[in-house]
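*Asks:* predicted structure and sequence below. I'll ask about it afterward.
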There are 2 protein chains.
Amino acid sequence: MAATKYAIGVDLGGTTIKIGIVSDKGKIIKKVVVDTLAEEGYKKVIKQIKKGISEVLSKNKKTIEGIGIGSPGLVIRKKGTVENPPNFPGWKKVQLGKIISEEFPYKTYVENDANAAAVGEQIFGAGKRHDSFIMVTLGTGVGGGIIFERKVFAGETGGAGELGHLSIDLNANQCKCGNVGCVESYAGINYLCNSVKRQMEKNPDSLIVKWVNEENKTLEPKLIHEAAEEGDPFALDVIHTLGINIGAGLTSIVNVLDIATIIMGGGVAGFGDRLFDTIETTIKERVLTPHRTRIKLKQAKLKNDAGIMGASALVFQ
Amino acid sequence: MAATKYAIGVDLGGTTIKIGIVSDKGKIIKKVVVDTLAEEGYKKVIKQIKKGISEVLSKNKKTIEGIGIGSPGLVIRKKGTVENPPNFPGWKKVQLGKIISEEFPYKTYVENDANAAAVGEQIFGAGKRHDSFIMVTLGTGVGGGIIFERKVFAGETGGAGELGHLSIDLNANQCKCGNVGCVESYAGINYLCNSVKRQMEKNPDSLIVKWVNEENKTLEPKLIHEAAEEGDPFALDVIHTLGINIGAGLTSIVNVLDIATIIMGGGVAGFGDRLFDTIETTIKERVLTPHRTRIKLKQAKLKNDAGIMGASALVFQ
């Protein structure tokens, strides 16, 4: 049996940076979390990344194969640059890979966080036995990654896989990206909760309305899920509609890419089987006939530390 | 300079089969057209293909490198099978590649006709200088092909690139494929003309209405184009809306694939600059910011014999 290998995984988030030393068996042997301090500008963020990596490396005796960084924004993979990550003020185009590999004696791989999550599932998770799959991450944003024949399909500049910005209705919801009707403008957590808020008046008997208005609970996916568990018709309808919207988007992607396995992760995926079943039914009803029997929808395996795992997987891939 | 090479290109259409001997410089040195006779079943169609190939080969003295076939329907490229080509009754799944290569002493390549058109543009046409591009064919159907790093991106089974079946409105037009709001259900020639027909009553002053109702002209893309050339507001609006619909679909594809060069061919592309400009403006307005400056829209170069050329290009690729 080959000796265990180790890599550093850096999960660059809007609020915190999570950094870990990960084995090629998928075990995190050390973990550090530092604040991102994004509002203080990109130089500060880079300082924080360096600080975290130094911390995780202190007293380390394992041989490190490389550093993997999963970052929001458009990542030009070959150059290791990160462009316009949303919610990082003042950050236009930063040569993150170069900067980090100049500071530490390791080869550095930078990838879009959604692509990194896909690589994580491929190396450590639900994608192990699939040569090709579409990874969808349902969170504040809706991200995606395309794995084709065991490699990230990255497009011309490394920006492929923006599944959240596939439009399902050219005349409907305005999306922050500038386009109209993007999947994210329905399924992104804030968009979804705002849409529920707007519909509350029309659904006065809903548990959601009661919990939010009378019990001061926060309107979040978890609350909608709990109301649905109680059989609340409004909550059930919200999740059903969400499933149709996500399913409609994925149908187009399956038709265009001819990749029939879909792995779903992230917060909104916490709606569980109810959401999954609607998505699966929608795709199977709508997709081109030859694909119908091939569609497989799977839940992502990596949970809390998916970001660190995915980033480290960039080194092992 | 290397000696000129030759291949046979077979363009399998719903009405006729066009077959040619094509040089690797893109010159057709002999051409034969036979009826498809699709309504007589798949065995008859195969007979017709064989007949056409034999005819084109009679008295041929060039060395033939192989046979390329562009076929409608889902083509499983590795196996050379063709599934469910629309408008070919009784044709479920046929091992076309195997059947043809057993009859003739040449290696046979079968590819979806839209993918073959993309390969044709890559080898002989507007895609020569682009490693990656999206090919869209606007005809009765809306087909597509994805060329990534000079190869067809074929997906898991060879069915990728069905750009016509990307949905731009999950609640609107019913498409023949079973889905709703597909680009083809707006831009396919029959769908487009039927939509114009439905709007004629509301546009009694339009030249289109005059020409169709009083002069008994056929409602077809050419007629709409001519009315637009005369400044007819209804015709201009039809083409403008068509451009927005196609542009909205292409926006999603660019976001998902990160491929920014688009080559457009086929009948509806006859609307010319007017259509092209709207498509380009729509994409540039809607696509993710980093792609905006990279978008390039080009007209396909191969015209009448694009099918034969594309099929033969499968051999040269």
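*Replies:* Ah, there it is. Residues are numbered from 1 along each chain as shown, chains lettered A, B, ... in the order given.
*Asks:* need the residues of the stretch 201-317 of chain A near chain B, please.
*Replies:* By Cβ under 8 Å from any Cβ of the partner chain, the residues of the stretch 201-317 of chain A that approach chain B are A:244-245, A:248, A:251-253, A:255-260, A:285-291, A:294. C-betas here are computed from N, CA, C, even on glycine.
*Asks:* now with 6 Å, please.
*Replies:* Taking Cβ under 6 Å from any Cβ of the partner chain as the criterion, the stretch 201-317 of chain A approaches chain B at residues A:248, A:252, A:255-259, A:286, A:288, A:290.
*Asks:* just the CA trace of the helix or strand where A:K284 lies, in CSV.
*Replies:* Using DSSP states H and E, the element containing A:K284 is helix A:273-286. Extracted in CSV, the C-alpha atoms of helix A:273-286 (Å, rounded to 0.1, in the frame of the first residue of the first chain):
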residue,chain,number,x,y,z
ASP,A,273,-36.0,13.9,-0.2
ARG,A,274,-38.9,16.2,-0.8
LEU,A,275,-36.8,18.6,-2.9
PHE,A,276,-34.8,15.9,-4.5
ASP,A,277,-37.9,13.9,-5.6
THR,A,278,-39.4,17.0,-7.3
ILE,A,279,-36.1,17.9,-9.0
GLU,A,280,-35.7,14.3,-10.3
THR,A,281,-39.3,14.1,-11.5
THR,A,282,-39.0,17.4,-13.2
ILE,A,283,-35.9,16.4,-15.1
LYS,A,284,-37.2,13.0,-16.1
GLU,A,285,-40.4,14.6,-17.4
ARG,A,286,-38.6,17.3,-19.4
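*Asks:* quick check, central residue of chain A?
*Replies:* Residue closest to the mean C-alpha point of chain A, counted by Cα atoms, centre = their mean, is A:T137 at 3.5 Å.
*Asks:* dump the residue contacts of A:K284.
*Replies:* By Cβ atoms under 6 Å, 6 or more residues apart in numbering or on different chains, the contact list for A:K284 reads A:292, A:295.
*Asks:* tell me the SS of A:I29?
*Replies:* strand (DSSP: H, G, I helix; E, B strand; the rest coil).
*Asks:* quick check: closest non-adjacent residue to it.
*Replies:* Among residues not flanking A:I29 along the chain, A:I21 sits closest, at 5.2 Å (Cβ to Cβ, 6 or more residues apart in numbering or on different chains).
*Asks:* coming back round to it: who wins for neighbours among the residues of the stretch 201-317 of chain A next to chain B?
*Replies:* Greatest neighbour count in these, by other Cβ atoms under 10 Å in any protein chain shown, goes to A:S252: 32 neighbours.
*Asks:* looking at this, that residue is in a helix?
*Replies:* Yes - applying three-state DSSP, one finds A:S252 inside a helix.
*Asks:* follow-up on the earlier one: contacting residues around the residue nearest to the centre of chain A?
*Replies:* Contacts of A:T137 by Cβ under 6 Å, 6+ apart are A:114, A:117, A:143, A:265-266.
*Asks:* picking up where we left off before, what sits against the residue nearest to A:I29?
*Replies:* Counted by Cβ under 6 Å, 6+ apart, A:I21 has contacts A:6, A:8, A:29-30, A:56.
*Asks:* buried subset of those residues?
*Replies:* By neighbour count, with 16 or more other Cβ atoms under 10 Å in any protein chain shown, the contacts of A:I21 hold A:6, A:8, A:30, A:56 as buried.
*Asks:* what is the nearest of those residues to chain B?
*Replies:* A:I8 (27.0 Å; Cβ to the nearest Cβ).
*Asks:* hey, what's the residue nearest to the closest one when sequence neighbours are not counted bridged with?
*Replies:* Distances taken as Cβ to Cβ, 6+ apart place A:I67 nearest to A:I8, at 4.5 Å, with adjacent residues excluded. For A:I67, the beta-bridge partners under DSSP bridges are A:I8, A:T108.
*Asks:* burial of A:I67, as a residue count?
*Replies:* A:I67, neighbours per other Cβ under 10 Å, totals 27.
*Asks:* before we move on, what about A:K303?
*Replies:* 10.
*Asks:* any idea how far it lies from A:G120?
*Replies:* Going from A:K303 to A:G120 by Cβ to Cβ, to the nearest Å gives 11 Å.
*Asks:* if we can go back for a sec, what about the residue nearest to the centre of chain A, distance to chain B?
*Replies:* Note on A:T137: its distance to chain B, by Cβ to the nearest Cβ, to the nearest Å, is 14 Å.
*Asks:* just A:Y109 next, same as before
*Replies:* A:Y109 is 18 Å from chain B, by Cβ to the nearest Cβ.
*Asks:* go ahead and confirm that residue touches A:F316.
*Replies:* No - A:Y109 lies out of contact with A:F316 (Cβ atoms under 6 Å); the separation is 10.0 Å.
*Asks:* compare those two (neighbour count), which wins?
*Replies:* A:Y109 (25 against 22).
*Asks:* contact partners for that one?
*Replies:* A:68, A:314.
*Asks:* please report how far A:A116 lies from chain B.
*Replies:* 16 Å.
*Asks:* wait, is that residue part of a strand?
*Replies:* No - counting by three-state DSSP, A:A116 falls outside a strand, being helix.
*Asks:* please identify the helix or strand for the nearest residue to it once chain neighbours are set aside.
*Replies:* Once flanking residues are discounted, A:A116 sits nearest to A:G70: 3.3 Å by Cβ to Cβ, 6+ apart. In this assignment (DSSP H and E), A:G70 forms part of strand A:64-71.
*Asks:* who are the packing partners of the helix or strand just after that strand?
*Replies:* Going down the chain from strand A:64-71, the next helix or strand is strand A:74-76, by DSSP H and E. Packed against strand A:74-76, as judged by 3 or more Cβ pairs under 6 Å, 6 or more residues apart in numbering or on different chains; DSSP states H and E, are the following elements: strand A:108-112.
*Asks:* swap in 8 Å and give it another go.
*Replies:* strand A:81-83, strand A:108-112 (3 or more Cβ pairs under 8 Å, 6 or more residues apart in numbering or on different chains; DSSP states H and E).
*Asks:* before we move on, the earlier item: could the contacts of A:I21 go into a markdown table alongside pLDDT?
*Replies:* Formatted as a markdown table, the contacts of A:I21 follow (pLDDT from 0 to 100):
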| residue | pLDDT |
| --- | --- |
| A:Y6 | 97 |
| A:I8 | 98 |
| A:I29 | 96 |
| A:K30 | 96 |
| A:V56 | 96 |
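*Asks:* quick one: the helices in chain A?
*Replies:* Along chain A, counting by DSSP state H, helices occupy A:42-57, A:96-103, A:113-124, A:184-187, A:189-199, A:207-209, A:221-229, A:233-257, A:273-286, A:306-316.
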